[in-house]
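# Sequence first, then the predicted structure, then my questions.
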Amino acid sequence: MRIIVFTGPGASGKTSLTSAFSRWLRREFNMRVSIVNLDPAVEKLPYEPDFDVRCLVDFKKLLSEEGLGPNGAMIRAADMVADNVGELLNNLKRLDSDYVLVDTPGLSELFLLRDSGPKVISVLRKIAPTIVVYLNDVTTRESPVEAIVTYLMGLVVRLRLDAPVVPVLSKSDLLKQQLRKTFSEEIGSIAERLTQSNGLLSELASELVRILNMYAIPTRIITVSAVTEEGFVSLYSVIHEVFCACGDLT
Ligand SMILES: Nc1nc2c(ncn2[C@@H]2O[C@H](COP(=O)(O)OP(=O)(O)OP(=O)(O)O)[C@@H](O)[C@H]2O)c(=O)[nH]1
Ligand SMILES: [Mg+2]
């Protein structure tokens, strides 16, 4: 069994990709895929979860009975998940499949900056090899710098969650042609171009190139669409390579 955790900013496409990628894995490889929903606030899901965190956390009750606002309730919910990781472990241990796909909360800073994320990841790693796909929707911004930001965020997530991270640009079906072309390059060559400008940006870019070259997973930029399934083959092959590089050769 292998576990893939999808995380990223609100509305970056985590739930849609979890759903579409599970369908693709089942269809293309006849794989057994389980899905875990860790978003306590979600109302409607496009997939049937095999485990749903809403059975541990009643988000509506937090809002109505504890008088918390939406963000306060999300913080409380994330902390409740962190406090109940033992129960989470017991539930997830029962899953029997080739892949477990994990969909995470909309407010990703809760998963990434509070206890919840690292605790959940450490539970998942007890069950099976785990990697994180960090999604970023860059379709509303039109700069190649966004790819670098996504990769750097990927390193922060790596540091925070202590698991391999694959950075991915989501909603590729909405990308403008020019940006789509730029994103087909290596991350290093985009960063190198930035170093040719003058001043602080150039210096910063040089430093970032150095850091990305040292620590980011060396791969082409992966752009995926949950609508058209574009990029799924690349995503799968990088995920597969990362699992193998981490010593999971099953
Ligand atoms: N065109 C296009 N739209 C997408 C894609 N993926 C997601 N969307 C849309 O983007 C919006 C957010 O998608 P979700 O899958 O709910 O994103 P999320 O990251 O799970 O959102 P939160 O859990 O609320 O943070 C929805 O309107 C989706 O239909 C994609 O690949 N292409
Ligand atoms: Mg979601």
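Looks like it arrived, so ask away. Ligands and ions are numbered 1, 2, ... in the order given.
# CA only for contacts and neighbour counts going forward, please
OK.
# so where do the strands sit in the protein?
Per DSSP state E, the chain carries strands over the ranges 2-7, 33-37, 51-52, 99-103, 130-137, 165-170, 222-223.
# So for ligand 1, which of these sits nearest?
Among the strands of the chain, strand 165-170 comes nearest to ligand 1, with 5.8 Å by Cα to the nearest ligand atom.
# Does that closest one pack against any helices or strands, and if so which?
Where contact means 3 or more Cα pairs under 8 Å, 6 or more residues apart in numbering; DSSP states H and E, strand 165-170 is packed against strand 130-137, helix 145-161, strand 222-223.
# now the angle from the helix or strand of the chain with the lowest mean pLDDT to helix 145-161?
When the helices and strands of the chain are compared on mean pLDDT, DSSP states H and E, helix 187-194 comes out lowest with a mean of 73. With axes from the mean of the first three to the mean of the last three Cα atoms, to 10 degrees as the basis, helix 187-194 and helix 145-161 are set at 120 degrees to each other.
# tell me how far helix 187-194 is from the chain's mean position?
Helix 187-194 sits 23 Å away from the centroid of its parent chain (Cα atoms, centre = their mean, to the nearest Å).
# and Lys171, what does it touch?
Counting by Cα atoms under 8 Å, 6 or more residues apart in numbering, Lys171 makes contact with Gly13, Asp137, Thr139, Thr223, Val224, Ser225, Ala226, Val227.
# hmm, try it at 7 Å
Counting by Cα atoms under 7 Å, 6 or more residues apart in numbering, Lys171 touches Asp137, Val224, Ser225, Ala226.
# cool, and Val85?
Contacts of Val85 by Cα under 7 Å, 6+ apart are Val120, Val123.
# Give me every residue in this structure that's in contact range of ligand 1.
Taking Cα under 6 Å from any ligand atom, the part of the chain that reaches ligand 1 is made up of 10-16, 105-106, 170-171, 173-174, 225-227.
# picking up where we left off before, would you reformat the strands of the chain as JSON lines and include mean pLDDT?
Below are these laid out as JSON lines (pLDDT from 0 to 100):
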{"stretch": "strand 2-7", "mean pLDDT": "96"}
{"stretch": "strand 33-37", "mean pLDDT": "97"}
{"stretch": "strand 51-52", "mean pLDDT": "95"}
{"stretch": "strand 99-103", "mean pLDDT": "97"}
{"stretch": "strand 130-137", "mean pLDDT": "95"}
{"stretch": "strand 165-170", "mean pLDDT": "94"}
{"stretch": "strand 222-223", "mean pLDDT": "92"}
